[in-house]
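Novice: next input, structure requested:
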Amino acid sequence: MKKIILDILICLLLICNCFFFTADNVSANQDSDYNYTVNSKGEANITGYTGAGGAIIIPSTLGGCPTIVIGNNAFAYYSSITSVTIPNSVTTIGNNAFYYCTSMSSLTISNSVITIGSSAIAHCTSLTSLTIPNSITSIGDSAFYGCKNLASLIIPDNITTIGSSAFYGCTNLTSVNIPDKITTISSNLFYNCKKLTSVTIPDNVTIIKEKAFWECSSMPSIIIGKSVNIIESYVFYQCVSLKSITFLGEVAPTSVNVNWIWGTSEEIRGHAYNNSNFPNPGDDFYGLIMGTVLVSENEPPIADFTWMPSNPAQNQVVFFNGSLSYDPDGSLKLFEWDWNNDGIFDESYNYSTIKHKWTKAGKYPVVLRVTDNDGVESTKTINISVSAGDKTPGFEIIIMMIGFIFILYFKRKKY
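Specialist: Below is the predicted model:
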């Protein structure tokens, strides 16, 4: 009997210990319409909302503590909310934070936010446009799932991760930019984005995961960056308007699922550069018939020049040499010189050397423009400092000398 009582007492002590340990680290509080907890650093995490809705401006502090996190499910299913402004203190929008806020037509996200959690803004069907600030680096799975009226979206270049199904069912989204730092196009990313017409997959992307563009039925063409090596199943499933897939890489993807273009038009064709290892026009690339080849992009020429003497004086002949200029994939056909950067090129030749002089001292921005055999131009501007140099006595000095002589003469006559 004593042992049973002792065991009960030990259990009670453990329960109390757990309770007080939790209370020391996180405390539950309420400030106005907001329920929140405070962590050990004295930072507030919104856990719930009890207000009437309408236009909400989330406070930057709660109970004197900075509002750092909009917690999981904090405003979920609040259909009475019409707009939300997030303060500069917030760094995280938690999972399901604004889930099914169906009347929210405006969401202003501050530049302090770094992360948008999974399903954070899902099914916000009144939201038509949104600007994601540059501070954000990751967007969670299904973050904008079912935002069917979202037509305009700007995604900043700092984002490195976009989760799967992030824009699933955004049926009015017409165009979207994929940031250059993204390396993976997640599965179901643009699933059922029926009005999407323009997408370019950046060069850092190496894998396009399954169903990424499933039923993007209005998309006529897509450009795939240089590094894509893996294309999974049903990526372009039922993209019935897709007629052209352009590959920018010189090396063709080595892993492509047989169903990657299932349900597309029979007229669809692939295009790649003539110096790539893609199949020839008319040949098959994992079910895609290759069309006309792309002509390799012309690299612009490089303009540069030297001059002698390096510290010229006025009225001194300066010799310019533009032979440092070159064209990486061709030849230079024209050298043009603008001696004062006024937009007018004073001299044009098909050779690189020339001479010039300035009659006055000063700083002169000299511009060399070179043109290659494809008509592509490049310029180089260098400021040339021209000094006054040594001068022989001029008119001004002679006048001063005459004046000095007159002063001496009248002083002598006076005495």
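
Novice: so who does residue 86 touch?
Specialist: Residue 86 is in contact with 58, 70, 93, 107, 108, 109, 110, 113, counting by C-beta atoms under 8 Å, 6 or more residues apart in numbering. Every residue, glycine included, has its C-beta placed from N, CA and C.

Novice: repeat that for residue 384.
Specialist: Residue 384 touches 307, 312, 318, 363, 364, 365, 366, counting by C-beta under 8 Å, 6+ apart.

Novice: got phi/psi on it?
Specialist: phi -110, psi 120 (degrees, to the nearest 10).

Novice: and stretch 183-203, how far from the chain's centre?
Specialist: Relative to its chain's centre, stretch 183-203 lies at 16 Å (C-alpha atoms, centre = their mean, to the nearest Å).

Novice: average model confidence for it?
Specialist: Mean pLDDT, computed over stretch 183-203, is 94.

Novice: who's in contact with residue 255?
Specialist: 229, 230, 231.

Novice: ok, residues contacting stretch 54-65?
Specialist: In contact with stretch 54-65 (C-beta under 8 Å, 6+ apart) are residues 29, 31-32, 34, 36, 38, 42-44, 46, 49, 66-67, 70, 80-90.

Novice: contact partners for the closest residue to residue 346 other than its chain neighbours?
Specialist: Leaving aside its chain neighbours, residue 346 sits nearest to residue 339 (5.4 Å; criterion: C-beta to C-beta, 6 or more residues apart in numbering). Contact partners of residue 339, counting by C-beta under 8 Å, 6+ apart, are 346, 356, 358, 364, 366.

Novice: gap between the first one and residue 340?
Specialist: When C-beta to C-beta, to the nearest Å is the yardstick, residue 346 and residue 340 sit 8 Å from each other.

Novice: same thing with residue 151?
Specialist: Distance of residue 151 to residue 340, given as C-beta to C-beta: 50 Å.

Novice: more neighbours: the two, which one.
Specialist: residue 151 (17 against 13; other C-beta atoms under 10 Å).

Novice: dump the residue contacts of the nearest residue to the more buried one once chain neighbours are set aside.
Specialist: Closest residue to residue 151 apart from its sequence neighbours, by C-beta to C-beta, 6+ apart: residue 172 at 4.6 Å. Going by C-beta under 8 Å, 6+ apart, residue 172 touches 128, 148, 149, 150, 151, 195.

Novice: before we move on, what about residue 113?
Specialist: So residue 113 contacts 86, 90, 91, 92, 93, 133, 135, 136 (C-beta under 8 Å, 6+ apart).

Novice: turn those into CSV, including pLDDT, distance to residue 276 and secondary structure.
Specialist: Listed next are these as CSV, based on pLDDT from 0 to 100; distance: C-beta to C-beta, whole Å; DSSP: H, G, I helix; E, B strand; the rest coil:
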residue, pLDDT, distance to residue 276, secondary structure
86, 97, 46, coil
90, 98, 47, coil
91, 98, 44, coil
92, 98, 43, strand
93, 98, 42, strand
133, 93, 38, coil
135, 96, 38, coil
136, 96, 35, coil
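
Novice: going by neighbour count, which of these comes out on top?
Specialist: Most surrounded of these: other C-beta under 10 Å gives residue 93, at 27 neighbours.
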